[in-house]
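Asker: Okay, predicted coordinates and the sequence, questions at the end:
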Amino acid sequence: MSVNPMAYEAQFFGFTPQTCLLRIYLAFQDYLFEMMLVVESVVLKKLSGFPDSKIGPLQIRKSTEKFLLFLKEHFDQLFGKMEEVLLQLVLNVPENVLLPEDKAHEQFPYSQEQFQALQDEIRQLQQQCRAEAAAGQALRAELEEQKAVQAELEKILQWFDGLENICREHGTSSFKESFAFLTQNAKKLQEVLKDVEEKSKKIKKHDQFL
């Protein structure tokens, strides 16, 4: 069998020429074996009519095997020649023939250097796409952070609005007055807290003496 892959012929026929020839070879070989079995059975049947014959079934089988080997050797030689003719003249696509699905290669031919340049350009575009995807992901993460910061700022603004309303209720209108009002109240709260802590300490000491 030929070792040439014949890929273009496989593309055209839908099967490799070697596979086709192998199936033909096996079919002929099976037919040859079956034929020899039939011949052997006919010979044995004929010999059954001669009881005094010195030729037995074992000798018939050996003769059949020798004859089969002889036929197989000659068949292999003939099939080798037939295979060569079929691969060259029948199951072969000439070099000047272009299949319809490959017409695009004729219209837009590419050299090896051009093909390599195209591959390099494709790789560069893939890298750019990956970089843009990573940048987009980073921008989305930054946008989420900005949303979180905006939410905190809105809370602070709401707190200032509430603080301004409280200050207005206590007669302060400007931010400076509001801040001074808060500072004064904070000091008062600190003094009250300190007074409470001192009284709590005195009560604990008093409880210890009791």
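Answerer: Happy to help now that I have it. Here the structure is a predicted model, which is why all the values come from computation and not from measurement. Numbers count the residues shown, from 1 in each chain.

Asker: Checking residue 73 next. Helix, strand or coil?
Answerer: helix (DSSP: H, G, I helix; E, B strand; the rest coil).

Asker: now it: how far from residue 135?
Answerer: Residue 73 sits 73 Å away from residue 135 when distances are taken as C-beta to C-beta, to the nearest Å. The way it works is simple: take the backbone N, C-alpha and C, and place the C-beta from them, glycine included.

Asker: Same check on residue 48?
Answerer: Taking C-beta to C-beta as the criterion, residue 48 is separated from residue 135 by 93 Å.

Asker: What strand or helix carries residue 24?
Answerer: Applying DSSP states H and E as the criterion places residue 24 in helix 17-47.

Asker: pLDDT of the helix or strand containing residue 145, averaged?
Answerer: Assigned by DSSP H and E, residue 145 falls within helix 112-169. Helix 112-169 shows a mean pLDDT of 81.

Asker: buried set for the helix holding residue 24?
Answerer: 17-18, 20-21, 25, 36, 40 (16 or more other C-beta atoms under 10 Å).

Asker: which strands and helices sit next to it?
Answerer: Using 3 or more C-beta pairs under 8 Å, 6 or more residues apart in numbering; DSSP states H and E as the contact test, the elements touching helix 17-47 are helix 7-13, helix 57-85.

Asker: Tell me how many other residues crowd the closest residue to residue 99 other than its chain neighbours.
Answerer: Leaving aside its sequence neighbours, residue 99 sits nearest to residue 12 (C-beta to C-beta, 6 or more residues apart in numbering; 5.9 Å). Other residues near residue 12 number 17, with proximity taken as other C-beta atoms under 10 Å.

Asker: Many thanks, have a good one.
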